[in-house]
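1. my questions concern the predicted model and sequence given below.
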Amino acid sequence: MCQNGVSETVNRSIVDIDFTLDKLFGWHHNTCYEVPGIVLAVYDSILGEAPDEIAHDIKELMIEIMSIPLPKLNISLKCDVTIGQRWGEKLTAEDADFPIEDV
């Protein structure tokens with residue numbers, strides 16, 4: 001039951017995040033590396049890309065969307081979002097060209 005709730009939240013979040021980013025930034029195959037977007041989902045994780053200058057704003061947007069309560073249950077799941085240059089790497093404040101905070 002819990003895994004299903006997490007899976008549904010991730011799937012719903014992917015659709016909502018993708019829709020929101022498309023409305024805010026648009027997407028075209030010529031600009032795919034210049035605008036933020038979702039790259040892939042791995043189990044209960046969503047991997048996205050964004051230019052460094054707006055990465056923190058995209059992080060906040062993803063947290064907001066993923067924290068929307070589950071329908072009918074009216075509970076929201078806790079989510080962690082980290083910013084890094086590579087999958088699984090956590091970027092520290094000293095390494096970043098922009099201000100970051102731990103979630």
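-> Cool, got the structure.

2. CA atoms for contacts and neighbours, from now on please.
-> Will do.

3. and the strands in this structure, which stretches?
-> Residue ranges of the strands in the chain, as given by DSSP state E, are 37-42, 45-49.

4. what sits closest to the most centrally placed residue in the chain if chain neighbours are left out?
-> Relative to the mean C-alpha position of the chain, the nearest C-alpha, by CA atoms, centre = their mean, is the one of residue 62, at 4.1 Å. Computed as CA to CA, 6 or more residues apart in numbering, the closest residue to residue 62 that is not its neighbour in sequence is residue 17, at 6.6 Å.

5. now residue 38, which residues is it bridged with?
-> Residues in a beta bridge with residue 38, per DSSP bridges, are residue 48.

6. distance of it relative to residue 72?
-> To residue 72, residue 38 is 27 Å away according to CA to CA, to the nearest Å.

7. compare the two (neighbour count), which wins?
-> Shown here are residue 38 and residue 72; by other CA atoms under 10 Å, residue 38 has more neighbours (15 against 6).

8. okay but that one is in contact with residue 58, surely?
-> No. Taking contacts as CA atoms under 8 Å, residue 38 lies outside contact range of residue 58: 10.8 Å.
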